[in-house]
Structure formats: C-alpha cells, structure tokens
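In: This is a predicted model, with the sequence first.
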Amino acid sequence: MKPIIYKEIMPKVAIEKLKLMEIDDIVCLIGRDLDSVRSALLESPYQNEISKISKGEIDSISLEEALLENYVKTCENLIKFSSGNIRRLLLAVLRKFEISNVKAMLRAVKANMAVEEAMKHIIPVGTLDGNRCRAILVKAKTIEDIVNSFLDLEYGLIMRSVLAESERIEDLLPFEVALDKAVYQGILKSASKLKGMDKKIAKNVLGIEIEAINIKIILRCKAIGISQNHIKEYLMPTFLINKKALETAIVATNMKSTVEYLLKEAEISNNSFYQDILLQIKKEIEKPLSRLETILEKASLKTSLDMLKEHTRYYNIGFILAFLNLKWVEVKNLRSIIKGSERKIPASRVKDFLTLPGDY
Amino acid sequence: MSVEKLEVHPTRLELLRLKRRKALAEGIADILQKDLETLIVALVEYRQRAHGLRSQLYEILNNAYLLFFEAEMLIGSMKVTEMSQSSSRLKFGVEIDTTSGVLGIQLPSFRLAKEENGAPKPRFNLLETPVQLEEAASKTEEALNSIIKLAEFTAVIREILEIISLKRRQINRIRFKVTPQLDATIRYVELILEEIERQDAIRVRVLQRKRKERARK
C-alpha cells in the first residue's frame, strides 16, 4: 500500500463522510409530506441539487433525480482527487451509472418516449453528459440507431455483438445483460490491478456485491421457473466463487439446496464474509424472496463496514468503498422515504424498506 | 277497468274451449312463476359470486399496487417507469362462448386466451429490479383472470335479468290480460247461454199452456 496515492483522496472522503446525514435525521423524515422533505433536504448536502427544484414542480421524480445527481457528483469529485489504480477502480464503478443511461435510452426508444420525457430518466455522468444524451435521443428512431451512436465507446461494440446474434429485437434484456456484464467485468479487472491489502479489501467488498447479484439472479430465476440453461446467460462474471461451482448450484433442485451448495463452496474457499451472508440466507430461506433480496442488497455494505473494523480506517481502499456504499444507502433510504410519502405508505412500512444499522 | 272480451260464438262448445284455455293459461302462468323464482335464485347466486369475486379482485389489485409501490420505494419511480414502458406487453385476448346454464338457458362464457411464448423468461432486468416488481406483474396477470370471470358474471347477470323481465311480462300478460279476457268472455258466453235457456224455458211453458188450452176446447 502506498499512502501517497491516498494523500488527496482520503481527506476528501473523510469530509464527504462527515457530510452524510445522521440516521435519526433520515428516519424523522418518514411520513412527512414532500414539501417538508424538500425543506429538510435544503439543509443537507443535497442543497445544491434540491434548490434547483421549485416548490411548484416538486414530485418524487425530481427529488430522486436530485439525489442521484448528488451521488454521481460526489463520485466524480472523488475521482478528481484520486490517482492510479484507485482512480481506475472508481471510474469503473461510476460506469454503472453510465450504462444506466445507455439502458434508459434503449428503453426510451423502445417505448417511443418523447425526448424530454426520456431525458428525465438520464443522470448526466462521465462521457454521457446531458447534451450528448439529448443529441442521441433526438436522432435515434430505432434500437440500431442507439447502438450505432455509441460505436465510439465500448458500449456500442458490446451492443453491436448482441445485435449481430439476435435476428429480431423484441426484448432489451440481452442488451442490458451484456452491458451489466461488461461493467462488472471492468470493476473486477480494475480491482485485480490493485495490490496488497487494497486488492484483498476490494476483492471482498466488490466480490460480495457481484456474488450477491448472482445469488439474487439464481434465486429469482428459480422462483420464476426459468430453465437452468437460461439462468447461466443472466449471471454476472464470478469473483469469489468459481463459475463451475455457480453453474452446479443452478442445477440444484430447489432454492434451499442451491444455497446449501454455495455455502459448502464458501467454506472451501474460506471466505468468512460470503459464508456469513449465505448462512443468513439459509436461515431465512423459507421467508419471501423479497426478504432474501434485502439481505443480499445489504451484503456489500455489511462487508465494507466489517472490513473497516478489521483493517486500519485510513490509507486503504476499504474506507473509500465503505463511504460509497454508505452514500448509496443514504440515497436509497431518502428515495424510499420520498416515494413512501408520495404514495401515503404507513410510516412503519416505509421503515421496513430502509437500510438501517443493525442496532437501530 | 273494463276488459275487452274475445270475439267468439256464444255456444256451449266455445264455453268449454274457453274454460280449457283459461286452465291452460293458468298452468302456463304457474310454470312461468316457478321459472321466475328459479331465475331469481340463480340471479342472487350469481350476484353473490360476483360480489365475492369483486372483493377477491380488489384484494389482488390492492396487493399488486402495494408490491408496485414497494418496488418504487426500492428502485425509484424513474426506473420503474422506464421498465414498465419498455417491457414486453402481455399478449392476450378474450374467447367468448356459451354454456347451458339455469333452465337450459344459453349463458355467455368468457375465457382469457394468453399467447404462450415458450419457456418462462424474466420480464425485467434481474439485476436492477426487486422481486416486488415481478410479483406485482404476476399479480396483475392473476387479476386479469378475475376481471374476465367478473365480466362473464356481469354478462350472465344481465342475460338473466333480461329473461326475468321477459318472464315477468309473460306472467303479467297472462294474469292481467289473457285470464281477465277469458273470464269476461266466459261470463259473457254463460250469460248468453243462460238467457237462451231462460227463453227456451218460457217458450216451452207457453207451448205447454197452448197445448192444454187446445185440449180443453
């Protein structure tokens, strides 16, 4: 580990972490109307983005847009102060938002959405700023047009290969899966370039995130009744567990035996974080799938916080990844509260959807 | 209320015919009344079934909306809107047929005809969406079945109501038009026949009296 590469980014992350809202402040927003949520957010780090929304045009979408914009800006800010492999990793993580925009454009074209309507679903990030996205949407009439407009980026080539394989475009899922795979492949590639402790931490935190996604995909597909061959197509690149083991887990007769098999594999690979999550899933396997998905959603945050406890707080990537996870959880919590308020969902129910610390 | 009598010859044969017609009309009215009662019972049954199905449908839709709202809370309205507008539409139609129902009446029967697309496939991106969105979609599909069944019950109820009103009209026609008309005609024929009898009796007495007088002379 070279503390010099953390010289600029660590203070920045520490400042940003201090800006995170207190859990109590977030919880007290539950059940309040959108106007008062807006007023509360005006006194938070989201102030700049929220202040752009006038009182008249306030709705859950505009508030959600502001929250996501803030998250992306924070990531971009951290990238600005980072260097070397850390910068590469952060850029790879930020690509999740870039492909989210690409997917939004594909969906907008498929749904024949008006440009202005489609632009509401786009969060300007990285190479895909608002002007470029608008220009693409104005010109694009078909999915092929969208694919062609991205040929200067990696995304275009990925989508073109999907296009070449399919005879007719009826479903966007193959495009979306290919893009998701490419992003996670990129994240894993960047993580594997890190060295020493950083590599170990990134492997665990990001690896758990990807494996949690794979488990979620397997469990969901099994619940829907999708054939084993098709499930393989939807899986993301594996990291902590080898691909063969994951494919064997798919063949298991039911969800319980899938989890049991993966648990055995985790024990062989001796990854305690992965074991913990699978044990928790095994314990609650009879509960609704939504509950299991919640456990998997929290997996990455839990691992990054555990890694923080295990290693020194500063001068490793763990602190940065933990902050990104905490910030993302904050955005998600606020989004749930806003939507809950708009839909008049009872406060106790909204609270169930928040990711809160275990002792809260 | 004066009742128009039928144009008939006031003969005994006609009187017998009229009485037979009246008995037949009363018999038909009784049968129609029984049919009407059966139809009313069937109507109440269908109404109760429709009511139960409607409550069930509201519950399914309520659950579907709740799951949809939960999905919105988890991934935000922007993603859910995107997904819902671009996901493949459900292709379905309604097959209409008839089945023999109460009293052998042909009642409408609706069936949801779904286009099967081979092996099951996820409708939404598995990575981005929570299971709630998939569940909300399948609940909506479940609601479609109930909606079609409810439409069938509504059509059946409408059909039964039409038949009830037809039967009621027929009964009323027999009770308040045919039967009073037959009664009036029967009374009229009876009156005429009584009058003829009386005249005949007088004529017989006069003739007897004249025969006696002739014999005395």
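Out: Thanks, I have the structure now.
In: Show me where the stretch 201-350 of chain A has its helices.
Out: A:228-234, A:243-251, A:255-269, A:272-283, A:289-310, A:317-342, A:347-352 (DSSP state H, counting those that start in this stretch).
In: ok, how many other residues are close to residue 114?
Out: Just so you know, I chose chain A. One way to gauge burial is a neighbour count; for residue A:114, by other Cβ atoms under 10 Å in any protein chain shown, it gives 9. From N, CA and C alone the C-beta is placed, and that goes for glycine too.
In: hmm, I had chain B in mind actually
Out: Summarising burial for residue B:114: neighbours were counted as other Cβ under 10 Å, giving 12.
In: Please report how far the nearest residue to it once chain neighbours are set aside lies from residue A:70.
Out: Taking Cβ to Cβ, 6 or more residues apart in numbering or on different chains as the measure, residue B:114 lies nearest to residue B:92, with 4.8 Å between them; neighbours along the chain are not counted. The spacing between residue B:92 and residue A:70, counted by Cβ to Cβ, to the nearest Å, is 43 Å.
In: Which one's more surrounded, these two?
Out: Remark: of residue B:92 and residue A:70, residue A:70 carries more neighbours, 23 against 13, as counted by other Cβ under 10 Å.
In: any idea of the pLDDT on that one?
Out: As predicted, residue A:70 sits at a pLDDT of 93.
In: and if you look at the one 3 residues further on?
Out: Residue A:73 is assigned a predicted lDDT (pLDDT) of 93.
In: Find the centremost residue of the chain, please.
Out: Assuming you mean chain A. residue A:96 (6.8 Å; Cα atoms, centre = their mean).
In: Wait, chain B was what I had in mind.
Out: Of all residues in chain B, the one closest to the mean position by Cα atoms, centre = their mean is residue B:160, 1.7 Å from it.
In: Helix or strand: which one has the residue lying closest to residue B:188 once chain neighbours are set aside?
Out: Ranked by Cβ to Cβ, 6+ apart and with sequence neighbours excluded, the top spatial neighbour of residue B:188 is residue B:5, at 5.2 Å. When secondary structure is defined using DSSP states H and E, no element contains residue B:5, which sits outside every helix and strand.
In: Residue B:5 contacts residue B:181, doesn't it?
Out: Yes. Shown here, residue B:5 and residue B:181 form a contact pair, counting by Cβ atoms under 8 Å, at 6.5 Å.
In: Pull the contacting residues for residue 129.
Out: This is for chain A. When contacts are counted by Cβ atoms under 8 Å, 6 or more residues apart in numbering or on different chains, residue A:129 is found next to no other residue.
In: nope, chain B please
Out: Contact partners of residue B:129, counting by Cβ under 8 Å, 6+ apart, are B:71, B:75, B:79, B:83.
In: Might you report the residue contacts of the first one?
Out: Under the criterion of Cβ under 8 Å, 6+ apart, the contact list for residue B:71 reads B:80, B:129-130, B:132-133, B:136.
In: Same question for residue A:50.
Out: A:38, A:41-42, A:44, A:63, A:66.
In: Narrow these to those that are buried.
Out: When burial is judged by neighbour count using 16 or more other Cβ atoms under 10 Å in any protein chain shown, the buried members of these are A:38, A:41, A:44, A:63, A:66.
In: Using a markdown table, please lay out these together with secondary structure, distance to chain B and pLDDT.
Out: Supplementary listing: the buried ones among the contacts of residue A:50 in a markdown table, determined by DSSP: H, G, I helix; E, B strand; the rest coil; distance: Cβ to the nearest Cβ, whole Å; pLDDT from 0 to 100:
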| residue | secondary structure | distance to chain B | pLDDT |
| --- | --- | --- | --- |
| A:38 | helix | 16 | 90 |
| A:41 | helix | 15 | 91 |
| A:44 | coil | 18 | 90 |
| A:63 | helix | 10 | 91 |
| A:66 | helix | 12 | 92 |
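In: nearest to residue A:149, of the residues you listed?
Out: Using Cβ to Cβ, residue A:66 is the member of those that sits closest to residue A:149, with 27.3 Å.
In: which intervals of chain B have sub-threshold pLDDT?
Out: In the predicted model of chain B, residues B:1-2, B:117 satisfy pLDDT under 70.
In: could you redo the last one with a cut-off of 90?
Out: In the prediction, chain B carries residues with pLDDT under 90 at positions B:1-10, B:77-94, B:98-105, B:112-128, B:134, B:137-138, B:141, B:216-217.
In: Enumerate the residues of it near chain A.
Out: Residues of chain B found near chain A (Cβ under 8 Å from any Cβ of the partner chain) are B:69-70, B:72-74, B:76-79, B:81-83, B:85-86, B:88, B:119-122, B:125-128, B:130-132, B:134-135.
In: Buried residues of the one helix or strand residue B:190 maps to, list them for me.
Out: Element membership of residue B:190 [criterion: DSSP H and E] is helix B:179-216. By neighbour count on 16+ other Cβ under 10 Å, the buried set for helix B:179-216 is B:179-182, B:185-186, B:188-189.
In: Would you map the strands across chain B?
Out: If DSSP state E is used as the criterion, the strands of chain B fall at B:92-100, B:106-114.
In: Pick the most deeply packed of those strands.
Out: Of the strands of chain B, the one with the most neighbours on average (mean count of other Cβ atoms under 10 Å in any protein chain shown) is strand B:106-114, at a mean of 15.
In: from the chain's centre, how far out does that strand sit?
Out: 18 Å (Cα atoms, centre = their mean, to the nearest Å).
In: so where do the helices sit in chain B?
Out: B:12-86, B:131-173, B:179-216 (DSSP state H).
In: got the angle for the first one vs helix B:131-173?
Out: Computed with axes from the mean of the first three to the mean of the last three Cα atoms, to 10 degrees, the direction of helix B:12-86 lies at 170 degrees from that of helix B:131-173.
In: Kindly calculate the angle that helix B:12-86 makes with helix B:179-216.
Out: If you take the same axes, to 10 degrees, helix B:12-86 sits at 180 degrees to helix B:179-216.
In: and what of the second one?
Out: Relative orientation of helix B:131-173 and helix B:179-216, computed by the same axes, to 10 degrees: 10 degrees.
In: by contact count, what packs against helix B:131-173?
Out: Other elements packing on helix B:131-173 under the criterion 3 or more Cβ pairs under 8 Å, 6 or more residues apart in numbering or on different chains; DSSP states H and E are helix A:196-224, helix A:289-310, helix B:12-86, strand B:92-100, strand B:106-114.
In: Quick one: closest of these to residue A:170.
Out: Between the helices and strands packed on helix B:131-173, helix B:12-86 lies closest to residue A:170; by Cβ to Cβ that is 11.5 Å.
In: Can you give the distance of the closest one from its chain's centre?
Out: Chain-centre distance of helix B:12-86: 11 Å, with Cα atoms, centre = their mean.
In: circling back to that earlier point, now that we have the helices of the stretch 201-350 of chain A, can you turn them into JSON lines and tack on mean neighbour count?
Out: Shown next, in JSON lines, are the helices of the stretch 201-350 of chain A (neighbours: other Cβ atoms under 10 Å in any protein chain shown):
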{"stretch": "helix A:228-234", "mean neighbour count": "16"}
{"stretch": "helix A:243-251", "mean neighbour count": "16"}
{"stretch": "helix A:255-269", "mean neighbour count": "17"}
{"stretch": "helix A:272-283", "mean neighbour count": "19"}
{"stretch": "helix A:289-310", "mean neighbour count": "20"}
{"stretch": "helix A:317-342", "mean neighbour count": "23"}
{"stretch": "helix A:347-352", "mean neighbour count": "16"}
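In: can you list those helices in CSV and add distance to residue B:50?
Out: Listed next are the helices of the stretch 201-350 of chain A as CSV, based on distance: least, Cβ to Cβ, whole Å:
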stretch, distance to residue B:50
helix A:228-234, 40
helix A:243-251, 45
helix A:255-269, 38
helix A:272-283, 43
helix A:289-310, 33
helix A:317-342, 34
helix A:347-352, 31
